[in-house]
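No sequence on hand, only this structure:
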């Protein structure tokens, strides 16, 4: 019997003009791992919440939802609490108690289990999820990833039949997100719990799903195995395809290319490739494609490379041990023979490790540092060979910072130059000090040693009113910390009300209106002006918050994790907006763990680790120089191509090499 | 020297503090005040280390003792033993003043120890049992308070970031900006707390027959400690009432009372010593 069956389910919010869910029919079988995807506002959350009665939104519903064959409405309050587990997007909004152990016990207490039973279940959960070491800690001392894992564990403690998760990794950094999804997979495979999850980032979750369901404007447009979903989205040219895993995007673009297909027909061996979905499969597929083929070009040329010496830089990285594989060796193009052979060796080794696992396992950190150390010596600061020296918006020199006198330093001897009019991304793991660096730049925090120079002026000499009234615009991680009015329109007008703060407060009324109009048009929020800020989606809130900041007309924008919770489709839009701001001469600094976004759109990338800048470079070199901290496209193609870091670049190189 | 007392069952700890504070209030004996003070200081020593205990002595205990002496000598005159070469005051007055000072600061020191040892989860554990209806509030309140405090910090930072630091500008401006921060906070709290309560409800909160899980187990050690502490307190009480009715030799009763009360005050310290000794024994045995 199926866990959930939806028959022609339609749902409309009160006062809503169109149905948020429109005639949805689907079923979820026992033990299945189902991924629900779709753009923001496609109805994913509404659908998931309707499966959990206490969370079901108010509105009019039509059709039926069956839970194990009987109407969901007939399932009692106690039974649903026991059998349907639900994990929300924001871990903070789900944790009820202040101690880890107590949170694990919370659901069981509600259901009235005896103390001994709870003790057993709590012990089991803590052991299964690896929580023992922080079992007695305060919840507030946990990282976001740990909090979400705790949520999962405490929901699992009541042993539900089905687990529903609404974008559980949206607030997590990629490493924590991958850990979380691995745990989910384990729950599904080892315990057999049915899983229904909605996600934006499909790179990891797609390969582990049995089925993918795509929602578009409240309708189910695809419901099949992830691979088949990928194919059909590509065939219809649906814009959800940009959210598919990189491997799939590259594969479909290359395999459906007419010219390539016609050439392929000549060699029947390659006519029917297996559809790749994971990065490892993608690597194997690429190796197959370029087997027995001389590569014409393996290097993407970028503006900043002109006049530079890319090859010299790359040969400096000849730290690869001698993994040799005759298959590719000698057939390859013109550069870095042994490096490619090294990667390829890992790729084709028996057991099929995705890359040279032995070498990485032996010294995973060594490699990261080998390349970065060399980099930091030779070109610690941004590559300026190509052009006349750019003007710097912000220069940090030997900056040190700690929160309390007795504490350890959070930022250590940090030096960084931020070029004016460019988009700079500072990437790094959780707790590397990214947000702290941003606050140091803006002056929200003051370093205890070192210098910060803003537009040529020592930061100490700037008053707060100057800093925040025209120089800096700071977008906080949580946009809700900026909203104070009941409509977006009033919220934007409110910026000018505090006369003393913003330089622009002295503007005449017409000029203010012109500025508001300009910003709303740029950020495409004209149609949201009469909504309550809290009724908007995450991406929309982010835009309204950004609009508020732009109204103060800052020269330098400091954005803290701006892509958090945005879907791929919107990220593209967002990048266009950022470009428009850059074209107006603004400088943008982003701190983010969204590696893919930074690779695609940054002008300069910097890696922050342990309070230090480890390497700075333009994204192409930055990511092709890293082995772990890099994009999916780079990981799938680095054994063939030199420096492709986005799907687009991999596709371009494939096409160039496959069509003569 | 480490504190072992806080590892006892919350009910033992709670009862102990009740006994100490009760007997402090019930039997006013000048020497007892000094014993309580000594016990409290030793407790701080084991909880926070020598530096903290030294700090407490230098900046809190000695000044309040001195103040007690001064006040008592100024307010009251006359006594048997005049301090040689000093004002026409008496040694007994000075002593009683110091005892008053000791009683005063020992109360604070014990309250401090209480706060350090009785963490929120222990308090909720004890009161959650008495008031099951309120236990959920006890369970959720600390979490909500911490989240709000953090959010308030983020909001004020975000406001500073758009040029509205609550701590700058004219008085009127500061006031307006603070109001703004509070109003943003309220909106945020309303929205997010609603989601929190929804999700808590979804996890079965509000179902009849809620149990409360006990992380703390009442073991043999706790029972032993409880018996010892109650015996000390009860016999101290008995001897003090004997002392008051003077049916026995007042001097002997007073002495017995002081010894027992001293034992009570110092018992966290003695428990610590006992624990340390048993560790030493284990270590030496492991070496065999």
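Perfect, thanks for sending it. Being a predicted model, the structure only gives us computed values, none of them experimental.

contacting residues around the residue sitting nearest the centre point of chain A?
Nearest to the centroid of the C-alpha atoms of chain A, with distances taken as CA atoms, centre = their mean, sits residue A:594, at 4.2 Å. Residues in contact with residue A:594 (CB atoms under 8 Å, 6 or more residues apart in numbering or on different chains) are A:174, A:561, A:563-564, A:571. From N, CA and C alone the C-beta is placed, and that goes for glycine too.

how does the chain divide up, domain by domain?
Let's take chain A. Segmentation of chain A into domains, based on automatic domain parsing, reads A:4-237, A:249-376+A:650-658, A:384-617.

hmm, I had chain B in mind actually
If you go by automatic domain parsing, the domain ranges for chain B are B:5-118+B:222-287, B:123-202.

and those domains as a markdown table, adding mean neighbour count?
As requested, the domains of chain B are arranged in a markdown table below (neighbours: other CB atoms under 10 Å in any protein chain shown):
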| stretch | mean neighbour count |
| --- | --- |
| domain B:5-118+B:222-287 | 17 |
| domain B:123-202 | 17 |
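
For chain A, find the nearest of those.
Comparing those against chain A with CB to the nearest CB, the closest turns out to be domain B:123-202 (3.3 Å).

re earlier: let me know the pLDDT of the residue nearest to the centre of chain A.
Listed pLDDT for residue A:594 reads 86.

Can you report phi and psi for it?
For residue A:594, the backbone dihedrals are phi -80, psi 80 (criterion: degrees, to the nearest 10).

for residue A:452, same thing?
When read as degrees, to the nearest 10, the backbone of residue A:452 gives phi -130, psi 120.

Could I get the average pLDDT for the strand or helix carrying residue A:249?
Taking DSSP states H and E as the criterion, residue A:249 maps to helix A:246-255. Here the mean pLDDT over helix A:246-255 is 87, rounded to a whole number.

Enumerate the positions of that helix that are buried.
A:246-255 (16 or more other CB atoms under 10 Å in any protein chain shown).

what's the closest of these to residue A:398?
Looking at those and their distance to residue A:398, the nearest is residue A:246, at 38.6 Å (CB to CB).

for that closest one, what are its contacts?
For residue A:246, the contact set (CB under 8 Å, 6+ apart) comprises A:203, A:279, A:282, A:631-633, A:636, A:647, A:650.

okay if I get those as TSV plus pLDDT, neighbour count and secondary structure?
Formatted as TSV, the entries for the contacts of residue A:246 read as follows, by pLDDT from 0 to 100; neighbours: other CB atoms under 10 Å in any protein chain shown; DSSP: H, G, I helix; E, B strand; the rest coil:
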residue	pLDDT	neighbour count	secondary structure
A:203	87	23	helix
A:279	89	22	helix
A:282	90	25	helix
A:631	88	26	coil
A:632	88	24	helix
A:633	89	27	helix
A:636	90	29	helix
A:647	88	24	helix
A:650	90	29	helix
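
quick revisit: residue B:53: which of the domains of chain A is closest?
domain A:384-617 (19.3 Å).

hang on, the earlier thing: any idea which of the contacts of residue A:246 is closest to chain B?
Using CB to the nearest CB as the measure, the one of the contacts of residue A:246 that approaches chain B most closely is residue A:203, at 27.4 Å.

Could you dump the buried residues of helix A:246-255 into CSV with distance to residue B:193 added?
CSV is the format used below for the buried residues of helix A:246-255 (distance: CB to CB, whole Å):
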residue, distance to residue B:193
A:246, 39
A:247, 42
A:248, 41
A:249, 41
A:250, 45
A:251, 46
A:252, 45
A:253, 47
A:254, 51
A:255, 51
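
Roughly how far does the residue nearest to the centre of chain A sit from chain B?
Using CB to the nearest CB, to the nearest Å, one gets 20 Å for the distance from residue A:594 to chain B.

and residue A:220, that's in a strand?
Yes - for residue A:220, which was evaluated using DSSP: H, G, I helix; E, B strand; the rest coil, the result is membership in a strand.

quick one on the thing from earlier: which of the domains of chain A sits closest to residue B:18?
Closest among the domains of chain A, using CB to CB: domain A:4-237, at 24.3 Å.

So, low pLDDT: which residues of the chain?
Using chain A here. Residues of chain A that meet the criterion pLDDT under 70 lie in A:258, A:261-273, A:302-390, A:498-506, A:660.

Hmm, no, I was thinking of chain B.
Counting by pLDDT under 70, the ranges of chain B that qualify are B:1-2, B:25, B:27-28, B:76-90, B:128-135, B:243-250, B:286-288.

Tell me where it has strands.
Under the criterion DSSP state E, strands are not mapped anywhere in chain B.

what does the stretch 551-660 of chain A give?
For the stretch 551-660 of chain A, the strands identified by DSSP state E, counting those that start in this stretch occupy A:556-560, A:587-592, A:604-609, A:612-617, in order along the chain.

how about CSV for those, with mean neighbour count and distance to residue B:267 added?
Formatted as CSV, the entries for these read as follows, by neighbours: other CB atoms under 10 Å in any protein chain shown; distance: least, CB to CB, whole Å:
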stretch, mean neighbour count, distance to residue B:267
strand A:556-560, 23, 52
strand A:587-592, 25, 54
strand A:604-609, 24, 51
strand A:612-617, 22, 51
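
among the ones you listed, which is nearest chain B?
Closest to chain B of the strands of the stretch 551-660 of chain A, according to CB to the nearest CB: strand A:556-560, at 8.1 Å.

returning to what we had before: show me the two of the contacts of residue A:246 that sit farthest apart.
Between all members of the contacts of residue A:246, the longest pairwise span (CB to CB) is found for A:203 and A:650 and amounts to 14.4 Å.

what sits against residue A:492?
Taking CB under 8 Å, 6+ apart as the test, what residue A:492 contacts is A:516, A:519-520, A:529, A:544, A:547-548, A:551.

Drop anything exposed from these.
A residue is treated as buried here by neighbour count (16+ other CB under 10 Å); on that basis the buried members of the contacts of residue A:492 are A:516, A:519-520, A:544, A:547-548, A:551.

Among those, which one lies nearest to residue A:39?
Closest to residue A:39 out of the buried ones among the contacts of residue A:492 is residue A:544 (18.6 Å), distances taken as CB to CB.

ok, how many other residues are close to the residue nearest to that closest one when sequence neighbours are not counted?
Across the structure, with CB to CB, 6 or more residues apart in numbering or on different chains as the measure, the residue nearest residue A:544 apart from its sequence neighbours is residue A:488 (5.4 Å). Other residues near residue A:488 number 27, with proximity taken as other CB atoms under 10 Å in any protein chain shown.

got a list of what residue 168 touches?
Since no chain was named, I'll use chain A. The neighbours of residue A:168, taking CB under 8 Å, 6+ apart as the test, are A:87-89, A:148, A:151-152, A:180, A:197.

I was after chain B.
Contact criterion CB under 8 Å, 6+ apart gives A:464-465, B:174 as the residues in contact with residue B:168.
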